[in-house]
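>>> When you get a sec, could you give me coordinates for this:
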Amino acid sequence: MQQRFNSSAIARTIAAPALTAVLLATLSACGGGGRGPPPASTVSNASIAATRYGSPAVLTMSGTNLDSSGLSVTSSGCKNMTRLTSGALVSTATTAYYTCTVSAAFSSTVLIQSNGTTIANPTFSVPAPQVTLHVSNGSNVDGDIVLTLMGDKVPTTVDNFLAYVNASPNSFYKGTIFHRVAKLITDPSKFFVIQGGGYGATVNGQLPAHKTTNAPIAIETAGGNNVQWSVAMANSGPGTVTSEFFFNAMDNTSTLANGYSVFGNITAGISVAQAITAAPANCTNNALAGTIDCLPQPDVTITAATQTQ
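Down below sits the predicted model:
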């Protein structure tokens, strides 16, 4: 950009202060001036409605300038924070709505900031998630197994498991079987694990093709060790966790160490899990694993899998 003066005489008559003003005005007109921060937001009231882990929560706030670009809404315990701009809840400058999915914590805070300054921090709490599996073989196994999940410790694993449980229109696990009831070759009186979550009903006593799963996830070890009646995800190496899970029928702390994603515990229905180990089965030696692997016959089937808390 250039500013021309046609007469040197005119230029000499302009006093220094006036010249400075002219140049500043020219710079401003050409975009050289600085911009201030976005309008500051204020919040007079903010609350978040959250009822269940893994489900959407809705944040409602009222105030001023709630459409400012300087407004920031985040939470370490609620992922995928999204401002609502359509549907039943439409955000405006005086009322704003956000939705997110509860994950990684049972109690958490929403941090609302304006231009980097905290202006509100509502909190929420949900109970630890629980999943109820109804299992049956039409004979001596029939009942519920309740799993309480460690979403605050291994959220990726728990979110993955809940995605299978809550798959629509039917739970991924509905109709799957417990295909491996393993006991130790060195001591067949001790049951090792009860594994399921990957196969549908057997055909002439043989496993069908594995069900198609979601993309695999990494192993999370913050859930702890494989103590008796904990539940963990099966894997065949790093980055291979999909849908299969197992119950630790004995304390496998030293055997399995920390190489599996322990993500919950059986908190009700241990007698049902024990009945699975007593069910009729066809067994073969698995020398590589050091176990006797048994396929219950008739099938021990998960007839329902529901997030009940």
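>>> burial measure for Ser103, as a count.
Residues near Ser103, counting by other C-beta atoms under 10 Å, number 22. No exception for glycine: its C-beta is placed from N, CA and C like everyone else's.
>>> can you check Gly87 too?
7.
>>> and it, how far is that from Ser75?
Per C-beta to C-beta, to the nearest Å, Gly87 is found 21 Å from Ser75.
>>> Now do the buried residues in stretch 283-303.
Neighbour counts using 16 or more other C-beta atoms under 10 Å place 291-296, 298-302 of stretch 283-303 among the buried residues.
>>> Let's see that stretch as PDB, backbone CA atoms only.
This file holds the C-alpha atoms of stretch 283-303, laid out as PDB (Å, rounded to 0.1, in the frame of the first residue of the first chain):
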ATOM      1  CA  CYS A 283     -12.600 -81.200  26.000                       C
ATOM      2  CA  THR A 284      -9.200 -81.300  24.200                       C
ATOM      3  CA  ASN A 285      -5.700 -80.600  25.400                       C
ATOM      4  CA  ASN A 286      -4.100 -77.300  24.500                       C
ATOM      5  CA  ALA A 287      -0.500 -78.000  25.100                       C
ATOM      6  CA  LEU A 288       0.600 -74.500  24.000                       C
ATOM      7  CA  ALA A 289      -1.500 -72.800  26.600                       C
ATOM      8  CA  GLY A 290      -1.000 -75.600  29.200                       C
ATOM      9  CA  THR A 291      -4.800 -76.000  29.500                       C
ATOM     10  CA  ILE A 292      -7.600 -78.400  28.800                       C
ATOM     11  CA  ASP A 293     -10.000 -76.500  26.700                       C
ATOM     12  CA  CYS A 294     -13.700 -77.500  26.900                       C
ATOM     13  CA  LEU A 295     -16.500 -76.500  24.600                       C
ATOM     14  CA  PRO A 296     -19.800 -76.800  26.600                       C
ATOM     15  CA  GLN A 297     -22.400 -79.000  24.900                       C
ATOM     16  CA  PRO A 298     -25.200 -78.100  24.700                       C
ATOM     17  CA  ASP A 299     -24.100 -74.500  24.100                       C
ATOM     18  CA  VAL A 300     -24.000 -72.100  27.100                       C
ATOM     19  CA  THR A 301     -25.500 -69.100  25.300                       C
ATOM     20  CA  ILE A 302     -25.800 -65.400  26.200                       C
ATOM     21  CA  THR A 303     -29.500 -64.900  25.600                       C
END
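>>> returning to that earlier point: so which of the buried residues of stretch 283-303 is the closest to Val203?
Of all those, Asp299 has the smallest distance to Val203: 10.4 Å, by C-beta to C-beta.
>>> Skipping its backbone neighbours, what lies nearest that closest one in space?
Leaving aside its chain neighbours, Asp299 sits nearest to Ile177 (4.5 Å; criterion: C-beta to C-beta, 6 or more residues apart in numbering).
>>> how close does the one you found sit to Pro122?
According to C-beta to C-beta, Ile177 and Pro122 sit 45 Å apart.
>>> The two - which one has more neighbours?
Ile177 (24 against 17).
>>> Let me know the pLDDT of the more buried one.
Listed pLDDT for Ile177 reads 98.
>>> likewise the one 10 residues further on?
At Asp187, the predicted lDDT confidence score is 95.
>>> for the residue nearest to Asp299, what are its contacts?
196, 199-202, 296, 299-302 (C-beta atoms under 8 Å, 6 or more residues apart in numbering).
>>> 6 Å - rerun?
Neighbouring residues of Ile177 by C-beta atoms under 6 Å, 6 or more residues apart in numbering: 199, 299, 301.
>>> I'd say Thr82 and Thr99 touch.
Yes: with contact defined as C-beta atoms under 6 Å, Thr82 counts as touching Thr99 (5.5 Å).
>>> Pick out whichever of those two has more residues nearby.
Neighbours were tallied for Thr82 and for Thr99 using other C-beta under 10 Å; the higher tally belongs to Thr99 (16 against 12).
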